[in-house]
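**Q** mind looking at a prediction? Sequence and model below.
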There are 4 protein chains.
Amino acid sequence: MLSFVNDYSQGAHEAILNRLLQINLEPIARGYGADHYCESAKEKIRAACESPAADVFFLTGGTQTNAVVIDALLDAYEGVVAADTGHISVHEAGAIERTGHKVLTLPHHAGKINATQLEEYLRVFWKDGNHEHMVFPGMVYLSHPTEYGTLYTKEELKTISKICRAYEIPLYLDGARLGYGLASPQADVTLPDIAACCDAFYIGGTKVGALCGEAVVFPRGDAPRHFLTQVKQHGALLAKGWLLGIQFDTLFTDRLYWHISENAIQTAGRLVQVLEEAGFSFYLKSPTNQQFVILENRQMERLAKKVAFSFWETLDEDHTAVRFVTSWATDPQNLEALREILAQEAGQKA
Amino acid sequence: MLSFVNDYSQGAHEAILNRLLQINLEPIARGYGADHYCESAKEKIRAACESPAADVFFLTGGTQTNAVVIDALLDAYEGVVAADTGHISVHEAGAIERTGHKVLTLPHHAGKINATQLEEYLRVFWKDGNHEHMVFPGMVYLSHPTEYGTLYTKEELKTISKICRAYEIPLYLDGARLGYGLASPQADVTLPDIAACCDAFYIGGTKVGALCGEAVVFPRGDAPRHFLTQVKQHGALLAKGWLLGIQFDTLFTDRLYWHISENAIQTAGRLVQVLEEAGFSFYLKSPTNQQFVILENRQMERLAKKVAFSFWETLDEDHTAVRFVTSWATDPQNLEALREILAQEAGQKA
Amino acid sequence: MLSFVNDYSQGAHEAILNRLLQINLEPIARGYGADHYCESAKEKIRAACESPAADVFFLTGGTQTNAVVIDALLDAYEGVVAADTGHISVHEAGAIERTGHKVLTLPHHAGKINATQLEEYLRVFWKDGNHEHMVFPGMVYLSHPTEYGTLYTKEELKTISKICRAYEIPLYLDGARLGYGLASPQADVTLPDIAACCDAFYIGGTKVGALCGEAVVFPRGDAPRHFLTQVKQHGALLAKGWLLGIQFDTLFTDRLYWHISENAIQTAGRLVQVLEEAGFSFYLKSPTNQQFVILENRQMERLAKKVAFSFWETLDEDHTAVRFVTSWATDPQNLEALREILAQEAGQKA
Amino acid sequence: MLSFVNDYSQGAHEAILNRLLQINLEPIARGYGADHYCESAKEKIRAACESPAADVFFLTGGTQTNAVVIDALLDAYEGVVAADTGHISVHEAGAIERTGHKVLTLPHHAGKINATQLEEYLRVFWKDGNHEHMVFPGMVYLSHPTEYGTLYTKEELKTISKICRAYEIPLYLDGARLGYGLASPQADVTLPDIAACCDAFYIGGTKVGALCGEAVVFPRGDAPRHFLTQVKQHGALLAKGWLLGIQFDTLFTDRLYWHISENAIQTAGRLVQVLEEAGFSFYLKSPTNQQFVILENRQMERLAKKVAFSFWETLDEDHTAVRFVTSWATDPQNLEALREILAQEAGQKA
């Protein structure tokens, strides 16, 4: 079946598999990420971030990365401020709370938090005579692209960063789909911009060409003390650490991470055209690889027999918002196949 | 350099890599381990365990697996009984305590716990008038092979299992190196024996031919409620779950898991011969793939320039116990190379 | 200064102090709440709840009680549903999250949750295809009276209880100010009603005549396993348990708990009159001992020099909502004193 | 029945009850320990500790205090070093582990840890090549008097303090029975000595004359950041904070804490005489208020009908170690009564 269901349903870019094959039986003296492949990947990431002093660590998945980093950055009495649609707020099964910390939510605006509301929230907290009985806002979490595929502008990111620094709390960016955010023609935020604005962020691999793996960056080299032990304690330290290192080393060689992300953006652009031509209404058109369409329910059921997409939200009794996703691996021919299916549908309906 | 440093310093068995290549761009509709490769692997594991009703889950690494399973099996007021040398007691950076549970230790006997001491411990606990102020022993943890490469006999395992059932607490077995335990000629414990005696156990992949991955088995199909969500909450649920499924599917096809484990056992046997011929004293000779040798310190330093092994324990001012490890991937020729190095050493010394 | 700042600023009812004096040097053989004073108090509470099989435990304070009970009732993957104004949501410094559980909030209606919204929330959760990646709603938390002094009707409580039972999750009621809820003329919920509708609740002592202490009731005798050990583990088990037992034994003798609560209700009634006569607008007039008034900011500052009340919420640049509280110990003469101060204020202003 | 069962089976010193009566209906403007009675008590404690900059907090009980302080002092990856007989190791139901931290045990010597063994432990940890995979020793816990009633000498305390400072980890002292340690004629450690050597400690009230309450002291004024919020988060912040403040204010007026402790020491001295005269063997004779005696089991059963003491340890099939405890409230006449009972016993036996 034609699949636009998500961006983690295929393996890894072939360059990654080739390197894994190449080094497969090479005995690698140091486990747990202390090997030279990890070191090489870290150097390339530092260069791409223009952050020569950065501390870089490799973890396996996104929820794990969020939980380990947020737990390590917060004091016991602190929580993390996030959009109410943030991945940590909704779809991580309470992994943040499991580490003892509250997710303090702000209303989202197409998946983003608003700098003015953030500042107001922090100001009111510190003025509240009862704040010693409340959870302290100890850091800010953004996702970029957001869960809606939307992007922060450079101006927005700088403003939020400035607020965080004024209140002396770190800014952390969840880049599960960062490649798609960087490759979007509408993006005016670069990796060095993110490194300059954030105190910690992760560069997503799982959804952008890797088998698994996320690269956590502390751009100013101020990783939490004994962070490796904290990673271990969370069960997140891979014995064969080079499995992650070699993937990022490959993705950060000759800007492969950007190149493969562009495929997702181009196919998403064509996807929007195809859906528009078929007369679909959009719930939200994003500048990255996720597109949200409103379907009449019977139409949705018919379409679901031929095309895989994902449920997003019930809008009313008769309509549903659904999500179509492209990825680094989306075959451009799939868009033509989709166009044909939709044309056929239209014909049958007529 | 010739390496006997551990059993996780090389990639994966080539059959695994070949299958990853084969399915690489196949769009797999269901993430998070709900795909058909995982299902096929589970069926093969159920068959190998002779446990048709078993619940099987795939996680990424050993510490993670121990933390998730132990936390899910224990009530808040319970701890896990383990040998004081158990991996969870010493080398998991407090991952168990991080989930809120105490590791209750018994003295080890070459890495194993003793059934009589276990029963005594449980008996005394329940008789203690203050036990409501103490951590309840809520489960028993064994590693098999142990951290010393030693093995429980079938009799020992059955006795410990019987004690656990008498006290109504689950028995959990950490099989990080299970393949080597099953393939050892001295082993009289089979996978169905383990499934019959234990309430939960995991079959280690990371150290036995996989890139990463451990298969958790609840042989009687009584996994903790919503265990998948608990795995997710611990940050241990891989988006591309089939990455683990396909590895175990391969390892459990045509008994590959056993065959590759035999290589570790055979090369370990040859290793013992070579070390003995060189006149080394053994700290502990194990029936599996880890061997412990006593070296005079200057000898250790000289040897370390040519052969990688790992530090185990300081014995006295002049002597150190070190560990040599073979694996599924150990090239038999390495043993000849080692023999030559040792011969050369002996020559120089003489 | 005349104080209406809260209901925990005076000691204990004299009958309690007298009994503490009486038994002060009596050696009490059993610590940790196993003494006969605690047993007597439990019997009286069981009778008052018409729940002869109830399990009753005494803890020291409200936040502690909420954290211990909620943590004991939830599975690891579950959270607690509460109003967004619930004490556990806002003013317990994240004590619930510290135990690993998310507080899942519903919008409040004058401090209460709405049964229809609760049912909708539960229904949508279980229908959501992604619910395994979300925090499961594992119980419902109500406060009665709420943080706004409002009360659930018997009908509301029964409906919420029915929903909880349909979804097989416990209903827990925070009765920090329960006495005032029971003594209010507008209340149609009795202690046996609460026992019939809830799976757990606590009867507040600290704010209703005791020095400290809350009585947790599991009306059907199904306290979580080894609950005493869980209380101990949370550091909430008092060595001199009878200190709490004797206070509740006194409060539940001859309905003292109800009688002293009536004083708070009567003085609150007079408080409303006095405030109305002075021409104040009400932010919220409650049927219990907390009243919320809107003050113009300069007026608020002047008044604060003579009367203690508490800040509630900034309404606009010029106006603030403030809270006046009466208690079991409020001297009726204080209301006359307040009336005079307000009259004087009005005179000065005129 | 004549009771020597523990030191928390009677109420509070009458001076404390009198002050509670005196201020009972006085409206105290500030809750949660911010009142002037707490402030006065803190000043007196600072003076008694000769630590004018000390931060002082009041908590309710010992297990709670240990959990809150230890959790606040440790980083996530650290554990607390304690004697294997330490209260936190054995009798706090895993409260420390519940906060995520391991208790790292050293063998006890009559309840004390040995400075040489401590230094060796720390030295070996930091030298271990695998220490990043282990729990870091992040602080040291002592109890003084210990669970065996024994005392550290000034020399021992200074040596342990020096080791802690060399390794840059805080030293924390559990003073649940501190009064008895200070009042013992064999004690050469004063409160200022403890303040000089430790980074945190608590002065026990519950077992030394108070209804409840422990005073935590950070002698150099460097309490963990937002410690009050951490206390609240653990559910350990009393609304009526002055209940604790006034008790310590009373105990630290005119050295009442020392005077009432002397009664326990004097009656314990007489207790030893009486037990010796009766021909009992001692398991351990302590310089404070706990004495450990070896009883033949039938003798124990007979005696238990007339005198309350507590089980300590089974020695062999026929003998048991039991504990007799005196306290601030022990009536000297009870010793004469005990003498008579023992004489009568001896007569019957003869």
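**A** Perfect, thanks for sending it.
**Q** give me the low-pLDDT residue ranges for chain A?
**A** A:349-350 (pLDDT under 70).
**Q** strands of that one, start to end?
**A** Using DSSP state E, the strands of chain A run over A:2-3, A:55-59, A:78-83, A:103-106, A:136-143, A:171-175, A:200-204, A:214-218, A:281-285, A:290-296, A:307-308, A:310-314, A:319-325.
**Q** just the CA coordinates for the fourth one, please, in CSV.
**A** Taking only C-alpha atoms (Å, rounded to 0.1, in the frame of the first residue of the first chain), the coordinates of strand A:103-106 have been written out as CSV:
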residue,chain,number,x,y,z
VAL,A,103,5.5,19.5,32.3
LEU,A,104,4.2,23.1,32.6
THR,A,105,2.1,23.8,29.6
LEU,A,106,1.4,27.0,27.6
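**Q** okay, now the domains of chain A?
**A** Following automatic domain parsing, one finds the domains of chain A at A:2-7+A:257-349, A:14-255.
**Q** which one of those domains has the most crowded surroundings?
**A** The highest average neighbour count among the domains of chain A, using mean count of other CB atoms under 10 Å in any protein chain shown, belongs to domain A:14-255 at a mean of 21. (C-beta placed from N, C-alpha, C; glycine too.)
**Q** how about the domains of chain A in a markdown table, adding distance to chain B?
**A** As requested, the domains of chain A are exported to a markdown table (distance: least, CB to the nearest CB, whole Å):
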| stretch | distance to chain B |
| --- | --- |
| domain A:2-7+A:257-349 | 4 |
| domain A:14-255 | 3 |
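**Q** compare the strands of chain A and report which one is nearest to D:Leu17.
**A** Smallest distance to D:Leu17 across these (CB to CB): 38.5 Å, for strand A:136-143.
**Q** pull the CA atoms of that closest one into PDB?
**A** Written as PDB, here are the backbone C-alpha positions of strand A:136-143 (Å, rounded to 0.1, in the frame of the first residue of the first chain):
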ATOM      1  CA  PHE A 136       9.500  26.200  39.400                       C
ATOM      2  CA  PRO A 137       9.800  26.800  35.700                       C
ATOM      3  CA  GLY A 138      13.300  25.400  35.300                       C
ATOM      4  CA  MET A 139      13.800  25.200  31.500                       C
ATOM      5  CA  VAL A 140      11.900  25.700  28.200                       C
ATOM      6  CA  TYR A 141      11.200  22.900  25.700                       C
ATOM      7  CA  LEU A 142      10.600  23.700  22.000                       C
ATOM      8  CA  SER A 143      10.200  21.200  19.200                       C
END
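**Q** and that strand, what does it pack against?
**A** Applying 3 or more CB pairs under 8 Å, 6 or more residues apart in numbering or on different chains; DSSP states H and E, we find strand A:136-143 packed against helix A:62-73, strand A:78-83, helix A:115-127, helix A:154-166, strand A:171-175.
**Q** tell me the strands beside it, with direction?
**A** Using DSSP bridges, the strands paired with strand A:136-143 in its sheet are strand A:78-83 (parallel), strand A:171-175 (parallel).
**Q** now do it and helix A:62-73, the angle between them.
**A** Going by axes from the mean of the first three to the mean of the last three CA atoms, to 10 degrees, strand A:136-143 is angled at 150 degrees with respect to helix A:62-73.
**Q** what angle separates strand A:136-143 from strand A:200-204?
**A** 30 degrees.
**Q** chain neighbours aside, what residue packs nearest to the spatially most central residue of chain A?
**A** Nearest residue to the geometric centre of chain A (CA atoms, centre = their mean): A:Ala176, 2.1 Å. Take A:Ala176 and drop its neighbours on the chain: the residue closest to it by CB to CB, 6 or more residues apart in numbering or on different chains is A:Gly204, 4.1 Å away.
**Q** wait, the one you found touches A:Leu173, no?
**A** No - using CB atoms under 8 Å as the test, A:Gly204 is too far from A:Leu173 to be in contact (10.6 Å).
**Q** ok, back up a step: so for D:Val80, which of the domains of chain A sits nearest?
**A** Nearest of these (CB to CB): domain A:14-255, 15.4 Å.
**Q** now do the closest one: distance to the chain's middle.
**A** 9 Å (CA atoms, centre = their mean, to the nearest Å).
**Q** got the angle between the longest helix belonging to chain A and strand A:200-204?
**A** In chain A, with assignment by DSSP state H, the single longest helix is helix A:256-277. If you take the same axes, to 10 degrees, helix A:256-277 sits at 70 degrees to strand A:200-204.
**Q** so helix A:256-277 versus strand A:319-325, what angle?
**A** 150 degrees.
**Q** which elements pack onto helix A:256-277?
**A** Contacts defined by 3+ CB pairs under 8 Å, 6+ apart place helix A:256-277 against helix A:178-183, helix A:242-251, strand A:281-285, strand A:290-296, helix A:333-349.
**Q** okay, angle between the longest one and strand A:319-325 too, please.
**A** Here helix A:333-349 runs at 160 degrees with respect to strand A:319-325, directions being taken by the same axes, to 10 degrees.
**Q** for helix A:333-349, packing partners?
**A** Checking 3+ CB pairs under 8 Å, 6+ apart, helix A:333-349 ends up next to strand A:2-3, helix A:256-277, helix A:297-303.
**Q** next one: the residue nearest to A:Ala83 when sequence neighbours are not counted from A:Glu119, what distance?
**A** Take A:Ala83 and drop its neighbours on the chain: the residue closest to it by CB to CB, 6+ apart is A:His108, 3.9 Å away. For A:His108, the distance to A:Glu119 equals 16 Å [CB to CB, to the nearest Å].
**Q** same check, this time on A:Tyr172
**A** 18 Å.
**Q** just A:Lys232 next, same as before
**A** To A:Glu119, A:Lys232 is 37 Å away according to CB to CB.
**Q** A:Ala337 too?
**A** A:Ala337 is 48 Å from A:Glu119, by CB to CB.
**Q** surely A:Glu97 meets C:Gly79?
**A** Yes - A:Glu97 is within contact range of C:Gly79, at 7.3 Å (criterion: CB under 8 Å).
**Q** tell me which residue in the stretch 51-200 of chain A sits closest to chain D.
**A** In the stretch 51-200 of chain A, the residue that lies nearest chain D is A:Tyr77 (4.3 Å; CB to the nearest CB).
**Q** hmm, back to that, just so I know, which of the helices and strands packed on strand A:136-143 lies nearest D:Cys49?
**A** Closest to D:Cys49 of these, according to CB to CB: strand A:78-83, at 30.5 Å.
**Q** which residues sit against the closest one?
**A** A:70, A:74, A:88-89, A:96, A:101-108, A:111-113, A:118, A:121-122, A:135-143, A:146, A:172, C:94, C:97 (CB atoms under 8 Å, 6 or more residues apart in numbering or on different chains).
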